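Engineer: Okay, sequence plus prediction incoming.
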Amino acid sequence: AILESGLQQHPAYADALSSLGYCHLALAEWQDEEGLDSSTALEGAVAAYRATVAAAPDHLYAYNNLAITLRSLGEAANRRGEPYEDFFEQALVATDRALELNPSYANAMNSRGQILRSSANALGLGCHDDVEPLLAAARAAHLGAAEIRPDVWQYPSNEAKAWLDSAEHAAIRGAATSVFLSGSANAIERAEALWKETQTVNRRRLEELRRGEERAPPCVERSATL
């Protein structure tokens with residue numbers, strides 16, 4: 001409500017528009033977890049992100065969040081048996097724009113991989129010749145993201161999912177799966193190593209804060225100056 005009130009006074013304030021989109025997207029994620037219909041929240045997020053990039057055509061994060069939201073709408077449409085292709089196509093256009101603005105934007109590259117994987121799964125594993133090219137492109141996108149940000153465990157984890165989809169697709173078609181399974185195992189190992197490293201860093205910080213708490217002096221409240 002506060003954001004919407006501010007936007008009535010300054011309708012082209014891009015950061016507020018982007019924040020409004022994030023609020024809609026967060027609501028949609030919560031609704032999905034609760035088994036509720038998230039379509040209205042997702043549509044609100046799309047509207048807010050489109051308004052953001054209209055007001056600020058170089059708003060990098062809005063393009064990526066727009067792509068994430070459109071992908072969610074496409075997946076929801078596919079589950080309902082409705083046309084979904086346009087959502088995925090628009091989502092890819094948004095990631096392309098983000099990567100034009102910053103070719104090293106790993107999150108947009110990762111989002112691109114997720115959209116391609118969603119497209120492949122929507123076609124149906126084992127059911128269409130275009131599935132494997134989409135999954136191969138998805139793996140390349142996730143690998144590219146990991147090369148830019150080798151400290152993020154989610155990128156090789158997503159790559160592993162695309163490898164596993166390819167293995168399932170091949171198995172349904174009676175084709176060899178060894179290459180896909182090997183690729184998945186490699187990506188999983190990289191993701192696990194990064195995850196463990198992340199938790200080691202978190203554990204070290206926890207211990208540092210605990211030690212700091214033990215030796216921290218009590219806070220002295222200041223007297224108000226009249």
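Structural biologist: Right, received. Where do you want to start?
Engineer: Least confident secondary structure element in the chain?
Structural biologist: Lowest by mean pLDDT, DSSP states H and E among the helices and strands of the chain is helix 2-9, with a mean of 47.
Engineer: chain center to stretch 175-191, what's the gap?
Structural biologist: Taking the mean of its C-alpha atoms, stretch 175-191 sits 22 Å from the chain's own mean (C-alpha atoms, centre = their mean, to the nearest Å).
Engineer: how about that stretch: buried residues?
Structural biologist: T177, F180, L181, G183, S184, A187, I188, R190, A191 (16 or more other C-beta atoms under 10 Å). Any C-beta I mention is one placed from the backbone N, CA and C, and that applies to glycine too.
Engineer: any idea which element the fifth one lies in?
Structural biologist: When you say that, I think you mean S184. Applying DSSP states H and E as the criterion places S184 in helix 178-215.
Engineer: list the helices and strands that helix packs on?
Structural biologist: helix 154-172 (3 or more C-beta pairs under 8 Å, 6 or more residues apart in numbering; DSSP states H and E).
Engineer: Now do the helix it packs on against helix 178-215, angle only.
Structural biologist: If you take axes from the mean of the first three to the mean of the last three C-alpha atoms, to 10 degrees, helix 154-172 sits at 150 degrees to helix 178-215.
Engineer: Pass me the low-pLDDT residue ranges in this protein, would you?
Structural biologist: 1-12, 213-226 (pLDDT under 70).
Engineer: what number of residues lie near the residue nearest to V46 when sequence neighbours are not counted?
Structural biologist: If you skip the residues right next to it in sequence, V46 has T69 as its closest partner in space, 5.3 Å away by C-beta to C-beta, 6 or more residues apart in numbering. Using other C-beta atoms under 10 Å, T69 has 29 other residues around it.
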